[in-house]
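> Provided below for reference: sequence and predicted model.
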Amino acid sequence: MKILSGVLAIALIVMGVFLYNSKQNEEALQYSLRSQYTNQISDASEKLTELQKSVQSATVFKDKTAQVEPLENIWRLSSEIKSNIASLPLQQDFSNEWMNYLGRLGEYAKLRSQDKVPEDKWLKVTNNVATNLNDFSFEWQNATTEMLAKQQSFSKWQKEIKAGEPSKTWTGMSETVKGYSESDFPLTASESDDQKKKDLKAIEDKPVTEQQVVKRMKNTFPAFKNANLVTSSSKPDAPYPFYHIQFHEGIRIGYADYTKKGGHLLSLLIERPIGDNRITQEQMKAKAEKAVKSYGFNDVELVETRENHLYWHVVFVRLSPGNNARIYADAIQLKLAKDDGEILGVNALEYIQKETLPDQKLVTIDWNEFFTDQVSVESERLGYTENERLQQRLCYELMVLKETNHGSNTLRIMIDTETKEVLKSEMLN
């Protein structure tokens, strides 16, 4: 009995030491995180001050050489502050608005350095930005100083940041930056069209019921005909209304999303263990092509395959009915199991966001004059891609081989058929 009592006493002591050490480790981690976040906030504050100076400098010089450094600084600092903000547990609405504003500012400076923004427009925008950054910096300093000065527990700090009801300070700052974005960088016509496309504004189909969507899902994916289903609707603040269907069938669990307008498939994701068998790449392609046709996507072509140790990832793009050009923005992604080729994932959002394509001239280009003697054109076809203004442009899509003394490289190049501008160039090997 004494031995048992001794063992229990030792066990309690060991448990107490373990809990004490765990608590100490947890507190050490919290202090470390708080220190890290404090440093990130301080770094962002310093860079915000530098950004203000760079924007002011960019409004001073007319000489292009003198403008190079401030423009580069604006682009660099905007990117670095975005990185700081992304690593901080700030309230989401503010982070999104502030990162969007910084991104647009950096991109605008980049376009100015490429002479794609006229001087009068640049000066107007940067003068507004300079004023707004000066005003905003005071709000930023006050908010971050107040947050760090509280010296409250880390868990309480985290809880406040993630609160369902954001603080008035951060909500106000979010609205402030949103106002800056709308006044300093109003959406262009192409950007407005792009946003409408992302919000599925072009869908004019009649709304469908929850029962109709469930029936459609079971017809499209007969393997889940007898699955246990739970259906819900998107939240009121979602960018577009959709039905969310969760299902469970044997070893498979997953979900599918369908638009409320028209009942279009947005996405599908299935989780299940992957066996040891492996099908060939050709078998996988055949299964993928059969699947997209069974889903009703009859105007697409397979353009890309990637793999890891468990899955194949396949990309299809829509073909333009007029010229058979690939519309890369209208894509469908599939995820297939490597053991038997079962479709475990579908993403059709980009396909549903169907692009509006412009009428465009096809100017004949002599590739022997366009490229150096080291380059040979291996294949040529038509494809659509977007330019920096988010406009869809018809391009000559070329696969070219460049020979050098050290070997050869294959490149995929997209060249505007009307302006001859190179919109994309990527090395494939």
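Cool, the structure landed.

> helices of the stretch 101-250 of the chain, residue ranges please.
119-149, 154-161, 168-184, 189-198, 210-220 (DSSP state H, counting those that start in this stretch).

> and the ones you listed, which one's lowest on average pLDDT?
Looking over the helices of the stretch 101-250 of the chain, mean pLDDT reaches its minimum on helix 154-161, with a mean of 54.

> quick one on the thing from earlier: for the helices of the stretch 101-250 of the chain, which one sits closest to N409?
Minimum separation from N409 across these (Cβ to Cβ) falls at helix 189-198, 32.7 Å. For every residue, glycine as well, the C-beta is placed using N, CA and C.

> thinking again about what came up before, save the helices of the stretch 101-250 of the chain as CSV, and put in distance to S42 and mean neighbour count too.
Below are the helices of the stretch 101-250 of the chain laid out as CSV (distance: least, Cβ to Cβ, whole Å; neighbours: other Cβ atoms under 10 Å):
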stretch, distance to S42, mean neighbour count
helix 119-149, 8, 15
helix 154-161, 16, 14
helix 168-184, 18, 17
helix 189-198, 34, 15
helix 210-220, 50, 16
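
> can you lay out those helices as TSV showing distance to H313?
Formatted as TSV, the helices of the stretch 101-250 of the chain follow (distance: least, Cβ to Cβ, whole Å):
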stretch	distance to H313
helix 119-149	40
helix 154-161	35
helix 168-184	34
helix 189-198	22
helix 210-220	20
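
> out of these, the one nearest F371 is which?
Among those, helix 189-198 comes nearest to F371, with 29.7 Å by Cβ to Cβ.

> the helices of the stretch 101-250 of the chain: which one's closest to P239?
helix 189-198 (7.0 Å).

> got the CA positions of stretch 45-56 in PDB?
As requested, the backbone C-alpha atoms of stretch 45-56 are provided in PDB (Å, rounded to 0.1, in the frame of the first residue of the first chain):
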ATOM      1  CA  SER A  45       5.000  51.900 -39.700                       C
ATOM      2  CA  GLU A  46       8.500  52.700 -40.700                       C
ATOM      3  CA  LYS A  47       7.900  51.600 -44.300                       C
ATOM      4  CA  LEU A  48       4.700  53.600 -44.400                       C
ATOM      5  CA  THR A  49       6.700  56.700 -43.600                       C
ATOM      6  CA  GLU A  50       9.200  55.800 -46.400                       C
ATOM      7  CA  LEU A  51       6.300  55.300 -48.700                       C
ATOM      8  CA  GLN A  52       5.000  58.800 -48.000                       C
ATOM      9  CA  LYS A  53       8.400  60.300 -48.800                       C
ATOM     10  CA  SER A  54       8.600  58.300 -52.100                       C
ATOM     11  CA  VAL A  55       5.100  59.400 -53.200                       C
ATOM     12  CA  GLN A  56       6.000  63.000 -52.500                       C
END
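
> which residues are contacting that stretch?
70, 73-74, 77-78, 80-81, 84, 105, 126, 129-130, 133-134, 137, 140-141, 144 (Cβ atoms under 8 Å, 6 or more residues apart in numbering).

> run the chain-centre distance for that stretch.
Counting by Cα atoms, centre = their mean, to the nearest Å, stretch 45-56 is centred 27 Å from the centre of its parent chain.

> repeat that for stretch 420-429.
Its chain's average C-alpha position is 21 Å from that of stretch 420-429, according to Cα atoms, centre = their mean.

> likewise stretch 326-340?
In terms of Cα atoms, centre = their mean, the centre of stretch 326-340 is found 17 Å from the chain centre.

> and stretch 247-258, by the same measure?
Distance of stretch 247-258 from the chain centroid (Cα atoms, centre = their mean) equals 25 Å.

> check T188 and give its pLDDT.
Reading off the model, T188 has pLDDT 65.

> hang on, I meant F316
97.

> ok so it is a strand residue?
Yes: per DSSP: H, G, I helix; E, B strand; the rest coil, F316 lies within a strand segment.

> mind listing what the residue nearest to it when sequence neighbours are not counted touches?
Leaving aside its sequence neighbours, F316 sits nearest to V300 (Cβ to Cβ, 6 or more residues apart in numbering; 4.0 Å). V300 sits next to V292, F316, V317, R318, L319, I332, Y351 when contact means Cβ under 8 Å, 6+ apart.

> the first one sits in which helix or strand?
If you go by DSSP states H and E, V292 is part of helix 281-294.

> tell me the bridge partners for E307.
W312 (DSSP bridges).

> worst-scoring helix or strand of the protein, pLDDT-wise?
Here the helix or strand of the chain ranked lowest by mean pLDDT, DSSP states H and E is helix 154-161, holding a mean of 54.
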